[in-house]
Structure formats: structure tokens, C-alpha cells
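J.: Turn this into a model:
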Amino acid sequence: MNIKKIIYIILTMILGLILSFIFHAAIEICYINHLLGKGILPEPSSLTHQCYLPSVLQIILLLIGLLGGYFLGHLWWRIVYIERKRG
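T.: Residues are numbered from 1 along each chain as shown. This next block holds a predicted model:
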């Protein structure tokens with residue numbers, strides 16, 4: 001594997017990570033609003049003490065972002081550099 005492909009895949013993994021943080025924030029906002037609407041005061045999770053989603057869900061979202069970015073990087077690499085389908 002050449003260095004250009006490695007950098008390409010790392011950058012798409014970072015993109016996946018950023019998108020998972022945005023998705024995490026949207027889910028957390030909805031979750032907090034749902035709890036407050038029911039009159040329940042949300043408590044922070046034990047993982048970070050700053051997020052209110054369950055720890056397992058936080059880890060799953062993180063892994064989905066990283067793995068999704070990894071596989072998306074491989075897909076885009078094949079489309080752009082192997083099959084030469086550009087725009």
C-alpha cells in the first residue's frame with residue numbers, strides 16, 4: 001500500500017469521525033429534550049461524565065464513524081484511482 005492511499009484512508013476516517021460527532025450531538029440533543037419533556041433530569045454517563053447518552057451508544061457511534069470512514073476511503077480510492085471515474 002502506498003503512502004498516498006494511507007493518507008487518503010486516514011483522512012476519510014477523520015471525516016467519518018467528525019460526522020459521527022455531529023450525529024452524536026444531534027442524538028444527544030433529542031435524547032435530552034425527550035427526557036426533559038417527561039420531567040426526568042438527565043444524568044451524565046459514566047464514560048465521560050460530560051455526555052448524557054449511554055456509554056455503549058457513545059462507543060458504537062465512535063466505531064461506526066471510524067470504520068465507516070475506513071471502508072468509505074477504500075471505496076472512494078477504488079472509484080477515483082483504480083476505475084478512474086472522476087466527476
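J.: Phi, psi for residue 58 please.
T.: Backbone torsions of residue 58, given as degrees, to the nearest 10, read phi -60, psi -40.
J.: so what's it up against?
T.: By C-beta atoms under 8 Å, 6 or more residues apart in numbering, the contact list for residue 58 reads 24, 45, 47, 48, 51. (Glycine included, C-beta is placed from N, CA and C.)
J.: Residue 67: which of those is nearest?
T.: Of all those, residue 67 sits closest to residue 24, with 15.1 Å by C-beta to C-beta.
J.: ok so, going back, from the contacts of residue 58, which is closest to residue 75?
T.: Distance to residue 75, by C-beta to C-beta, is smallest for residue 24 among these, at 23.2 Å.
J.: Nearest residue to the spatially most central residue of the chain in space, ignoring adjacent ones along the chain?
T.: The residue lying closest to the centre of the chain (C-alpha atoms, centre = their mean) is residue 20, at 2.2 Å. Once flanking residues are discounted, residue 20 sits nearest to residue 65: 2.6 Å by C-beta to C-beta, 6 or more residues apart in numbering.
J.: Can you tell me the element that neighbour falls in?
T.: Assessed by DSSP states H and E, residue 65 sits inside helix 55-77.
J.: Output that helix as CSV, restricted to C-alpha atoms.
T.: What follows is helix 55-77, C-alpha atoms only, in CSV (Å, rounded to 0.1, in the frame of the first residue of the first chain):
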residue,chain,number,x,y,z
SER,A,55,-21.6,4.8,27.3
VAL,A,56,-22.2,1.8,25.0
LEU,A,57,-24.0,4.0,22.4
GLN,A,58,-21.1,6.6,22.6
ILE,A,59,-18.6,3.8,21.8
ILE,A,60,-20.8,2.4,19.0
LEU,A,61,-21.1,5.8,17.3
LEU,A,62,-17.4,6.3,17.5
LEU,A,63,-16.7,2.9,16.0
ILE,A,64,-19.3,3.4,13.2
GLY,A,65,-17.6,6.7,12.3
LEU,A,66,-14.1,5.2,12.2
LEU,A,67,-15.0,2.0,10.4
GLY,A,68,-17.3,3.8,8.1
GLY,A,69,-14.6,6.2,7.2
TYR,A,70,-12.2,3.3,6.6
PHE,A,71,-14.4,1.5,4.2
LEU,A,72,-15.5,4.7,2.5
GLY,A,73,-11.9,5.5,1.9
HIS,A,74,-11.3,2.2,0.3
LEU,A,75,-14.4,2.6,-1.9
TRP,A,76,-13.5,6.1,-2.9
TRP,A,77,-9.9,5.1,-3.6
